[in-house]
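In: Sequence and predicted model, in that order:
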Amino acid sequence: MRLAVVGSINTDMTVTAERIPLKGETLMGSSLSYIPGGKGANQAVAMAKLGAEVEMFGCVGDDSNGEKMLENLKAVGAEHIQILKGVPTGIAMITVGDNDNTIIVVPGANGKVDRAYIDSIKSELEKFDMVVLQHEIPLETVHYVIEFCYEKGIKIVLNPAPAAAVPMEIIDKVTYVTPNEHEAVLIFGDKLSTEDLLRKYPEKLVITQGSRGVSTCLKDGRILNIPARKAQVVDTTGAGDTLNGAFSVRIAEGKAIEDALTYANVAASLSTEKFGAQTGMPTAEEVETELKK
């Protein structure tokens with residue numbers, strides 16, 4: 001099956017420190033790195049590393065960062081990425097410390113992934129079996145793509161991050177939605193318990209819970225909790241993107257949701273054991289080896 005990702009392409013400016021600074025505090029950093037990133041690009045690269053046929057759709061600026069990001073996406077189909085004049089490539093400023101991170105995103109060209117761009121790639125999107133989306137491009141565009149894919153019968157995975165409200169009519173049209181706990185509350189409210197919320201959307205709603213793993217509800221009403229694999233954590237950046245990419249690959253292959261989430265959970269855990277979002281993402285062979293242990 002062919003997978004498409006419509007989303008963000010960033011340069012990650014990553015600082016490592018002993019810990020994340022408090023408000024108003026200055027700390028000494030130990031390193032500064034410029035690494036390919038962006039939730040969309042991260043998920044596309046995760047899929048490609050796991051052996052999927054995937055194409056990335058989005059925008060970069062006509063700057064050196066844009067050139068580097070396009071070069072980095074050689075393993076992924078990228079012929080329909082638009083290069084925008086006079087607009088900077090998106091940047092994510094990341095602080096890594098004490099096995100955690102903070103991220104500030106400056107959208108740049110990602111903010112120009114608009115309806116006109118989507119209209120220009122509609123004939124291409126129709127060629128794919130699944131489209132994966134996130135919230136680092138304008139929400140109006142995300143919803144526009146979902147409406148189009150729903151009409152065409154294309155499966156849709158929505159990773160609603162960064163957190164933002166999502167209309168219920170959009171939730172109804174996606175095939176899978178994968179928020180973390182905070183994002184789930186923002187979208188669905190806090191009136192239902194996590195288990196009751198999962199039961200309302202069996203095998204559609206997948207809630208990630210960091211070190212506690214990932215949960216969904218099976219069609220027979222049973223709650224499925226996949227515990228996190230213990231990892232020697234170096235950098236958690238991109239772990240959620242790895243999980244979403246791996247989950248999408250397995251679902252596209254026709255695997256059951258339990259298999260897909262088990263596989264994705266292991267892939268995400270392995271990604272935390274190396275530095276950088278895309279550089280830390282595992283290959284299919286690495287995930288399979290870990291699953292056999």
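Out: Cool, the structure landed.
In: Which parts of this protein are strands?
Out: Per DSSP state E, the chain carries strands over the ranges 2-6, 10-17, 29-37, 53-57, 59-61, 82-84, 90-97, 100-106, 130-133, 155-158, 176-177, 207-208, 214-217, 223-226.
In: Now tell me which of those the model trusts least on average.
Out: Out of the strands of the chain, strand 100-106 stands lowest, with a mean of 88 (criterion: mean pLDDT).
In: List the buried residues of that one.
Out: Applying a neighbour-count criterion of 16 or more other C-beta atoms under 10 Å, the buried positions in strand 100-106 are Asn101, Val105. For every residue, glycine as well, the C-beta is placed using N, CA and C.
In: next one: it to chain centre, how far?
Out: On the basis of C-alpha atoms, centre = their mean, to the nearest Å, strand 100-106 is displaced by 14 Å from the centre of the chain it belongs to.
In: rewinding a little: out of the strands of the chain, nearest to Ala277?
Out: The minimum distance between Ala277 and the strands of the chain falls on strand 29-37, with 4.9 Å, by C-beta to C-beta.
In: Not counting its own residues, what contacts that closest one?
Out: The list of residues contacting strand 29-37 from outside it, by C-beta atoms under 8 Å, 6 or more residues apart in numbering, reads 10-18, 45, 65, 68-69, 72-73, 92, 94, 237-238, 275-279.
In: Out of those residues, which end up buried?
Out: Applying 16+ other C-beta under 10 Å to the contacts of strand 29-37, the neighbour count classes 10-16, 45, 65, 68-69, 72-73, 92, 94, 237-238, 275-279 as buried.
In: burial count for the closest residue to Lys127 other than its chain neighbours?
Out: Take Lys127 and drop its neighbours on the chain: the residue closest to it by C-beta to C-beta, 6 or more residues apart in numbering is Arg2, 6.6 Å away. Counted by other C-beta atoms under 10 Å, the residues lying close to Arg2 total 13.
In: Same check on the one 3 residues further on?
Out: By other C-beta under 10 Å, the residues close to Val5 number 34.
In: do you know how far the nearest residue to it once chain neighbours are set aside is from Leu73?
Out: Beyond its immediate neighbours in the sequence, the residue positioned closest to Val5 (C-beta to C-beta, 6+ apart) is Ala44, lying 4.2 Å away. If you measure Ala44 against Leu73 using C-beta to C-beta, to the nearest Å, the figure is 7 Å.
In: Next: Asp129.
Out: Noted for Asp129: a distance of 20 Å to Leu73, by C-beta to C-beta.
In: Over to Ala116?
Out: Counting by C-beta to C-beta, the gap from Ala116 to Leu73 is 22 Å.
In: and if you look at Ser248?
Out: Distance of Ser248 to Leu73, given as C-beta to C-beta: 17 Å.
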